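In: What follows is a predicted protein model with its sequence.
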Amino acid sequence: MHALSISQLTVAYHQQPVLHDLSLTIEQGDIVCLLGPSGCGKTTALKTIAGLQTSQTGRIELFGHTVADGSFNLPTQQRQVGFIFQDYALFPHMTVAANIAYGLNGLNRGEKQQRIRTMLELVELQPYADRYPHELSGGQQQRIALARALAPGPQLLLMDEPFSNIDSQVKHRMMSELRQLIKRSGVTAIFVTHAKDEAFAFADQTAVMMNGQIQQYDTPARVFNQPANLAVAQFMEAGNLCETHQLQEILTPKTPRVTAGEGTALLKRHLLTIQASNTGVAEVQDIQFTGRGYLLSVAFLQQSLADWQVECDDIGDLAVGSRVALSYSASPVLL
Ligand SMILES: Nc1ncnc2c1ncn2[C@@H]1O[C@H](COP(=O)(O)OP(=O)(O)OP(=O)(O)O)[C@@H](O)[C@H]1O
């Protein structure tokens, strides 16, 4: 059984469609990222899955049960979904324990206390039950928001931009911690972001959305390395682009491995080799040290192409203004 199955979903605001014929199937236990540019409909999709937004046409099934089908819309509280908002939305006047207990209806006092203990153990914050949200760090608040969302035992966890307010210094540690906690709980999770590094670090599967439709649903690595089309390649900043017929002019030696056929070729930055050459086709415009190596921008002297970027471990004698030749050690991806 799938955790979530969406088919041909259309959602409009004031007769303006925002999601068009959107279909998506999510497997149980996966952490899925809805990734796309601002305004593409990610939050609308998340809200529609939660039942906070109604759809015009299409069907949504959660764990085999239809929760929306155009004419019918199951209320949010009956969908067994947990929600973590962008700013966590913890109740500031309630203790951590009271925040976690908030959605626990139908349990007696002892059962509630037990559930709170279990949730605090899961997020490893047992000593913090009597603190108030303002007495916690950002990371601790996020873990309490997770504990509160998971306390009623939802089957699906929805998160709206959970990392957007977090300092980049601590973001990767928090993503790693939260991912481990979600995996330990076994819940299926969907989160929304426009930042691809969050999809890379946190998601098992990524749905790249544009203009209210899903362009590609795949692992983050495949979305980055094998983008389904030009729009996905550009949004993912997956590498350097050119028309296939330009490759012979750009690369030395004139490599026989270049894909035949017309179309747009994608060349990964780290598979390009750059060498100083008086007869080279490009000139170094900029050199950045990245920690792991160097990122060079090169401009073409003849071809009308945007600057390319090349990643390398060592730049040797190369400097800004050096004339360079480029070679490629793999077959370019044809888009
Ligand atoms: N309540 C609303 N009424 C009318 N239009 C809306 C409403 N909510 C969103 N929209 C419009 O729907 C489109 C999609 O919005 P949505 O918030 O789903 O996008 P998003 O991909 O989550 O964007 P962001 O990354 O900026 O949050 C946008 O053009 C937005 O202006």
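Out: Happy to help now that I have it.
In: ok, Ile287 - how many residues close by?
Out: 16 (other CB atoms under 10 Å). Where C-beta positions appear, they are placed from N, C-alpha and C, glycine not excepted.
In: dump the residue contacts of it.
Out: Residues in contact with Ile287 (CB atoms under 8 Å, 6 or more residues apart in numbering) are 294-297, 315, 318-320.
In: Out of these, name the ones that lie in helices.
Out: Residues of the contacts of Ile287 located in helices (DSSP state H): none.
In: By neighbour count, sort out the buried ones in these.
Out: The neighbour count (16 or more other CB atoms under 10 Å) marks 294-297, 315, 318 as buried among these.
In: will you turn the contacts of Ile287 into a markdown table that also has pLDDT and distance to Gln303?
Out: Listed next are these as a markdown table, based on pLDDT from 0 to 100; distance: CB to CB, whole Å:
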| residue | pLDDT | distance to Gln303 |
| --- | --- | --- |
| Tyr294 | 97 | 23 |
| Leu295 | 97 | 21 |
| Leu296 | 98 | 17 |
| Ser297 | 98 | 15 |
| Ile315 | 94 | 23 |
| Leu318 | 96 | 20 |
| Ala319 | 96 | 22 |
| Val320 | 97 | 20 |
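In: Looking at the protein, which helix is longest?
Out: Per DSSP H, the chain has its longest helix at helix 168-185.
In: That one: what's the following helix or strand?
Out: Remark: after helix 168-185, the chain's next helix or strand is strand 188-193, criterion DSSP states H and E.
In: Can you list the helices and strands that that following strand packs against?
Out: strand 31-35, helix 42-50, strand 156-160, helix 196-202 (3 or more CB pairs under 8 Å, 6 or more residues apart in numbering; DSSP states H and E).
In: change it to 7 Å
Out: Where contact means 3 or more CB pairs under 7 Å, 6 or more residues apart in numbering; DSSP states H and E, strand 188-193 is packed against strand 31-35, helix 42-50, strand 156-160.
In: and of the ones you listed, who's closest to the ligand?
Out: Relative to the ligand, the nearest member of the helices and strands packed on strand 188-193 by CB to the nearest ligand atom is helix 42-50, separated by 3.2 Å.
In: now the closest one against strand 31-35, angle please.
Out: Here helix 42-50 runs at an angle of 140 degrees relative to strand 31-35 (axes from the mean of the first three to the mean of the last three CA atoms, to 10 degrees).
In: next helix or strand past helix 42-50?
Out: strand 57-62.
In: Next, format the buried ones among the contacts of Ile287 as a markdown table and append distance to Ala282.
Out: Formatted as a markdown table, these follow (distance: CB to CB, whole Å):
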| residue | distance to Ala282 |
| --- | --- |
| Tyr294 | 16 |
| Leu295 | 15 |
| Leu296 | 10 |
| Ser297 | 10 |
| Ile315 | 14 |
| Leu318 | 11 |
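In: Contact partners for Asn165?
Out: Shown in contact with Asn165 (CB atoms under 7 Å, 6 or more residues apart in numbering): 86-87.
In: Inside strands: which ones of the buried ones among the contacts of Ile287?
Out: 294-297 (DSSP state E).
In: Closest residue of the stretch 151-300 of the chain to the ligand?
Out: Of all residues in the stretch 151-300 of the chain, the one sitting closest to the ligand is His194 (4.8 Å; CB to the nearest ligand atom).
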